[in-house]
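Colleague: model this:
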Amino acid sequence: QVQVVESGGGSVQVGGSLGVSCSVSGSIHSLGIMGWYRQGRGKRRELVATIGSDGATRYAEAVRGRFTISRDNAKKSVYLQMDSLKSEDTDVYYCKAEEVGYYNAYGAAKRDDLWGQGTQVTVSS
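Modeller: I've put the predicted structure just below:
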């Protein structure tokens with residue numbers, strides 16, 4: 001059974017730093033893009049940062065320059081280092097991993113999005 005498990009997060013004061021980690025366990029074909037999303041109560045889930053298997057990164061404008069995403073392909077893990085945190089960064093952070101590298105009966109490439117359960121990040125002033 002495939003599982004996506006996040007760890008880290010917690011509470012910190014404005015200007016502080018936190019890190020969150022995510023690992024994929026179980027048998028999967030290959031991992032494509034991995035990333036972090038966040039969602040506050042009553043808000044849409046939004047992209048924070050993504051990283052491809054080749055290391056190419058993408059950041060939301062709100063976090064660019066403050067957050068750093070990285071991954072370890074051998075460990076099937078992705079990390080997010082969050083610095084200079086602001087109160088508006090308070091949210092539940094979700095890890096997403098794309099399972100790729102397999103095909104349907106017609107030979108078309110398939111992709112499944114695997115989500116973690118979320119971890120709370122709270123930034124207080």
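Colleague: hang on, isn't Ser25 packed against Lys75?
Modeller: No: if you go by Cβ atoms under 8 Å, Ser25 and Lys75 don't touch, sitting 10.2 Å apart. The way it works is simple: take the backbone N, C-alpha and C, and place the C-beta from them, glycine included.
Colleague: and the nearest residue to Gln3 once chain neighbours are set aside, how many neighbours?
Modeller: Distances taken as Cβ to Cβ, 6 or more residues apart in numbering place Ser25 nearest to Gln3, at 4.9 Å, with adjacent residues excluded. Around Ser25 there are 12 other residues, counting by other Cβ atoms under 10 Å.
Colleague: run through the residues that contact Ser25.
Modeller: Counting by Cβ atoms under 8 Å, 6 or more residues apart in numbering, Ser25 touches 2-3, 5, 76.
Colleague: what are the buried residues along stretch 113-125?
Modeller: 114, 116, 118-119, 121-123 (16 or more other Cβ atoms under 10 Å).
Colleague: ranges for the strands of the protein?
Modeller: 3-8, 10-13, 18-25, 30-39, 46-51, 57-59, 67-72, 77-82, 91-103, 109-115, 119-124 (DSSP state E).
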